[in-house]
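K.L.:
Provided below are the primary sequence and the corresponding predicted coordinates.
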Amino acid sequence: MSMDPQERSARGLRLIGQGREAEVFECPEGRVLKLLRASRPRTGLAFEMSALEAARAAGVSVPRVYEEVVIDGRMGLITPVNADRRG
């Protein structure tokens, strides 16, 4: 996981899902990008990352966070797309 998010662009990525807080894009190498909407606070992403790590430590199968990123000025997480999410 990157501690220093890098600025990137979502252009060229295929939107595969969306909800109230984020959009999900397909990425290369069997990964997805969960990109927070611009109106969502950045603190929500830190909370989600902490919750995922706590769940993993407790033995729950949750997506592994490969990287924290900034895409078009929005915070996001890159995680696996497949069912075996412990990676």
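P.N.:
Yes, it's here. Numbers count the residues shown, from 1 in each chain.

K.L.:
going forward, measure contacts and count neighbours with C-alpha atoms only.
P.N.:
OK.

K.L.:
okay, now residue 34: neighbour count?
P.N.:
Residue 34: 22 surrounding residues under other CA atoms under 10 Å.

K.L.:
what is the helix or strand harbouring residue 77 packed up against?
P.N.:
Using DSSP states H and E, residue 77 sits within strand 74-80. The contact analysis (3 or more CA pairs under 8 Å, 6 or more residues apart in numbering; DSSP states H and E) places strand 74-80 against strand 31-36, strand 67-71.

K.L.:
quick one: closest of those strands to residue 17.
P.N.:
For those, the distance to residue 17 is smallest for strand 31-36, at 9.1 Å, taking CA to CA.

K.L.:
quick revisit: extract the CA atoms of the strand holding residue 77 and return them as PDB.
P.N.:
What follows is strand 74-80, C-alpha atoms only, in PDB (Å, rounded to 0.1, in the frame of the first residue of the first chain):
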ATOM      1  CA  ARG A  74     -10.500  12.200  -5.700                       C
ATOM      2  CA  MET A  75      -9.300   9.600  -3.100                       C
ATOM      3  CA  GLY A  76      -9.500   6.000  -4.000                       C
ATOM      4  CA  LEU A  77      -8.500   2.400  -3.100                       C
ATOM      5  CA  ILE A  78      -7.200  -0.300  -5.500                       C
ATOM      6  CA  THR A  79      -8.300  -3.800  -4.400                       C
ATOM      7  CA  PRO A  80      -8.600  -7.200  -6.100                       C
END
